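Asker: Next comes the sequence, and after it the predicted model I'd like to discuss.
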Amino acid sequence: MSTFFSKAVFSVGLLLLICLTNQTTARGDAVLIDPKFTESGNNVVVTATSIRDTASGAILGIPQRFRLTLLEDGAPVGKPLEFTVNADDANAFGRSGGYETNPRTFTFEDASNAFTGKGSNYSLRLEPIPEPATLLLLGTGLAGVAIKTRKRLKNRKSG
């Protein structure tokens, strides 16, 4: 394997790792949500007393977008919801720069077939949605590697 190819693969892999880490584990501790599930017609209503992000400096990342998925016994039910935590509904706490939101209510429409009231295990999956700047960084890096590879291959053929 050529040295250039090795460096290109390493660079792309490193760039992907940085982008993915920035959106997941670099946040620090998990984002916590305290839910209560109720049924309303064909809908499942989730009342969250708060959403708490204890990661160091999390308050600086606001506004932050999230995707919320309703799970029954670990399987997704209904359509995931997306929401944004803005500065006006987040309260900073501690010295670490974490935040806690005001209470929120989410309605999962046409998901009541999952809510049997017979002791099923309901939970939520809360995932941060990557910001456009991270995706732009990834795309720019990949384009740069492709251009550099093309130029190098062109120079080898002509030289």
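Answerer: Noted; the coordinates are in hand.

Asker: partner residues bridging the most centrally placed residue in the chain?
Answerer: Using C-alpha atoms, centre = their mean, the residue of the chain that lies closest to the mean C-alpha position is residue 128, 2.1 Å off. Residue 128 forms beta bridges with residue 66, as assigned by DSSP bridges.

Asker: So it versus residue 66, what's the distance?
Answerer: As defined by C-beta to C-beta, to the nearest Å, residue 128 lies at a distance of 6 Å from residue 66. For the C-beta atoms, the positions are set from N, CA and C on the backbone; glycine is no exception.

Asker: what's the overlap in contacts for these two?
Answerer: residue 31 (C-beta atoms under 8 Å, 6 or more residues apart in numbering).

Asker: So which other helices or strands are in contact with the longest helix seen in the chain?
Answerer: Once the chain is assigned using DSSP state H, the helix that runs over the most residues is helix 132-158. Counting by 3 or more C-beta pairs under 8 Å, 6 or more residues apart in numbering; DSSP states H and E, the packing neighbours recorded for helix 132-158 are helix 3-23.

Asker: after the helix it packs on comes which helix or strand?
Answerer: From helix 3-23 onward toward the C-terminus, using DSSP states H and E, the following helix or strand is strand 31-40.

Asker: So what angle separates the directions of the next helix or strand after that next one and strand 31-40?
Answerer: Going down the chain from strand 31-40, the next helix or strand is strand 43-53, by DSSP H and E. Here strand 43-53 runs at an angle of 160 degrees relative to strand 31-40 (axes from the mean of the first three to the mean of the last three C-alpha atoms, to 10 degrees).
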